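K.L.:
Provided below for reference: sequence and predicted model.
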Amino acid sequence: MGEREADLILVERVQAGDQEAFGLLVSKYQRKLLRLVMRFVRDHAEAEDVTQEAFIKAYRALPNFRGESAFYTWLYRIGVNAAKNWLIANGRRMPTVSDISGDDAEGIDDGGLLRDDETPERVLMSKQIGATVNAAMDALPDDLRTAISLREIDGLSYEEIAEVMNCPIGTVRSRIFRAREAIATRLRPLLDTAPDQRW
Amino acid sequence: MKTQMQDLSTLFDGELETAAARRIVKAVARDAELRDAWQAYVLIGEQLRREDSAATDLTAAVMTKLRDEPVILAPGNVVRPETQRQHPLWALAASVAGVAVVGWLALSSNSPSSTMEYRMAAVPAAPTSVMATATVAPATLPRSDMREYLLAHQIQAATFRLGDSTEHVRTVTLAGSSSRP
């Protein structure tokens, strides 16, 4: 199974009536989609609204999604259309910089655009999260740090990591999980997921 | 719980086998801790890749809006890639199996030991010009010069298994004979 297949399992679950499974997809792709929308809609608050709207549209269209393309490619097309519709509705000019389409959404770099519109609180929060993750990474034993770096930064599969680290795949799986849990333990007080913030 | 968390982490990387993935996704619906863990895993990955906007989380807002949406019920719409990939293999296997069955039938029907051939070979061995039934005692008896032949025939015929065709087989008598041995 790859990431695309994992997404399809979530989609299948949503199609079977489980809304919470859609929450996992929102959680996973929200910031990527927001960065994409920010290319069109420069105002951060407006971009958040458009992104939310794109997710709602995706949910409504999900019965017709058959998995011919990856979920995120499909979602990004919806995001681009939602952003373009917003521009038309608000009488704004379409961005001309390399005319972004859903097909090349994967390669999009946020290019610092998001930072232009962020509030000081948001910037501070982002910095704190970044610092906490970095500190937690530094505190990890070497084998855990290497495993999660190879996965998250270099994008290697478990099989490839097992080869690089010369250990069984089960050990890779366990190391990555333990690394994530160690970092998440430090992050949780910062995220402070209040019951009303949960989904 | 730890096993579920580890499965969630593996699913997040797209490395969990399908059955376990389905189980853990089902569990997410009723477990807020698993959902929190997922959000943390997403955030950790983004931070490690130096992706910004970590402070933004739209999930709760989107999910609140979705509460007013009708629940989707369209199971089975997704055509999973591995299912698509399996089709040619299954088709090939079915073709091979079909050829094997047809070939086996063809060979076995051509074989001299086949039941059909066996019957065909056995029946002409019995003189067709003489007829009687297995259940009816012969009304006439053979001439003395034929007795030896008929005796040998009956002994040999008794060693063959003729299956369903036995109802059509009759013992042999020789018409015109009037005296018992």
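P.N.:
Ah, there it is. Residues are numbered from 1 along each chain as shown, chains lettered A, B, ... in the order given.

K.L.:
output the lowest mean pLDDT helix or strand found in chain A.
P.N.:
Taking mean pLDDT, DSSP states H and E as the measure, chain A has helix A:113-117 as its least confident helix or strand, at a mean of 50.

K.L.:
count of neighbours near residue B:71?
P.N.:
11 (other C-beta atoms under 10 Å in any protein chain shown). C-beta: built from backbone N, CA, C; applies to glycine.

K.L.:
in terms of helix, strand or coil, where does it fall?
P.N.:
coil (DSSP: H, G, I helix; E, B strand; the rest coil).

K.L.:
if I pick it, what's in contact with it?
P.N.:
If you count contacts by C-beta atoms under 8 Å, 6 or more residues apart in numbering or on different chains, residue B:71 has them with A:17, A:19.

K.L.:
next structured bit after the least confident helix or strand of chain A?
P.N.:
Downstream of helix A:113-117, the next assigned helix or strand under DSSP states H and E is helix A:120-139.

K.L.:
list the buried residues for that following helix?
P.N.:
Going by neighbour count (16 or more other C-beta atoms under 10 Å in any protein chain shown), the buried part of helix A:120-139 is A:122, A:125, A:126, A:129, A:130, A:132, A:133, A:136, A:137.

K.L.:
likewise stretch B:2-14?
P.N.:
Applying 16+ other C-beta under 10 Å to stretch B:2-14 flags B:4, B:5, B:6, B:7, B:8, B:9, B:10, B:11, B:12, B:13, B:14 as buried.

K.L.:
what would these look like in a markdown table with secondary structure?
P.N.:
Putting these into a markdown table (three-state DSSP) gives the following:
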| residue | secondary structure |
| --- | --- |
| B:4 | helix |
| B:5 | helix |
| B:6 | helix |
| B:7 | helix |
| B:8 | helix |
| B:9 | helix |
| B:10 | helix |
| B:11 | helix |
| B:12 | helix |
| B:13 | coil |
| B:14 | coil |
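
K.L.:
so where is chain B shaky, pLDDT-wise?
P.N.:
B:52-54, B:79-91, B:109-181 (pLDDT under 70).

K.L.:
can you show me the helices along it?
P.N.:
Ranges of helices within chain B are B:2-12, B:18-28, B:32-48, B:59-66, B:81-110, B:115-125, B:144-159, based on DSSP state H.

K.L.:
now the most centrally placed residue in chain A: which helix or strand?
P.N.:
Residue closest to the average C-alpha location in chain A (C-alpha atoms, centre = their mean): residue A:29, at 3.3 Å. Here residue A:29, judged by DSSP H and E, is contained in helix A:19-38.

K.L.:
quick check: mean pLDDT of that helix?
P.N.:
Mean per-residue pLDDT for helix A:19-38: 94.

K.L.:
hmm, who's touching the host helix or strand of residue A:172?
P.N.:
Assigned by DSSP H and E, residue A:172 falls within helix A:169-191. With C-beta under 8 Å, 6+ apart as the test, helix A:169-191 has contacts from A:128-129, A:132-133, A:135-137, A:139-140, A:143-145, A:147-148, A:151, A:158-159, A:161-162, A:165, B:5-6, B:9-10, B:13, B:15, B:36-37, B:39-41, B:43-44.

K.L.:
send the alpha carbons of it over as CSV?
P.N.:
Extracted in CSV, the C-alpha atoms of helix A:169-191 (Å, rounded to 0.1, in the frame of the first residue of the first chain):
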residue,chain,number,x,y,z
ILE,A,169,10.9,-3.4,8.3
GLY,A,170,9.1,-4.0,11.6
THR,A,171,11.9,-2.2,13.4
VAL,A,172,11.5,0.8,11.0
ARG,A,173,7.8,0.9,11.7
SER,A,174,8.4,0.8,15.4
ARG,A,175,11.2,3.5,15.3
ILE,A,176,9.1,5.9,13.3
PHE,A,177,6.1,5.5,15.6
ARG,A,178,8.2,6.0,18.7
ALA,A,179,9.8,9.0,17.2
ARG,A,180,6.5,10.5,16.4
GLU,A,181,5.1,9.8,19.8
ALA,A,182,8.1,11.4,21.5
ILE,A,183,7.7,14.6,19.5
ALA,A,184,3.9,14.6,19.8
THR,A,185,4.2,14.3,23.6
ARG,A,186,6.1,17.6,23.6
LEU,A,187,3.7,19.2,21.1
ARG,A,188,0.5,18.3,22.8
PRO,A,189,0.6,21.0,25.6
LEU,A,190,1.3,23.6,22.8
LEU,A,191,-1.5,22.4,20.6
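
K.L.:
before we move on, back to that, show me what contacts the residue nearest to the centre of chain A?
P.N.:
With C-beta under 8 Å, 6+ apart, residue A:29 has these contacts: A:72, A:75.

K.L.:
how far away is it from residue A:60?
P.N.:
The spacing between residue A:29 and residue A:60, counted by C-beta to C-beta, to the nearest Å, is 16 Å.

K.L.:
before we move on, what about residue B:39?
P.N.:
From residue B:39 to residue A:60 the distance is 23 Å (C-beta to C-beta).

K.L.:
thinking again about what came up before, please identify which of the buried residues of stretch B:2-14 is nearest to residue B:22.
P.N.:
Nearest to residue B:22 out of these is residue B:11 (C-beta to C-beta; 9.8 Å).

K.L.:
now that closest one. Nearest residue, chain neighbours left out?
P.N.:
The shortest distance from residue B:11 to any non-neighbouring residue, by C-beta to C-beta, 6 or more residues apart in numbering or on different chains, is to residue B:21 (5.2 Å).

K.L.:
what is the burial count for residue A:161?
P.N.:
Residue A:161 has 25 neighbours, counted by other C-beta under 10 Å.
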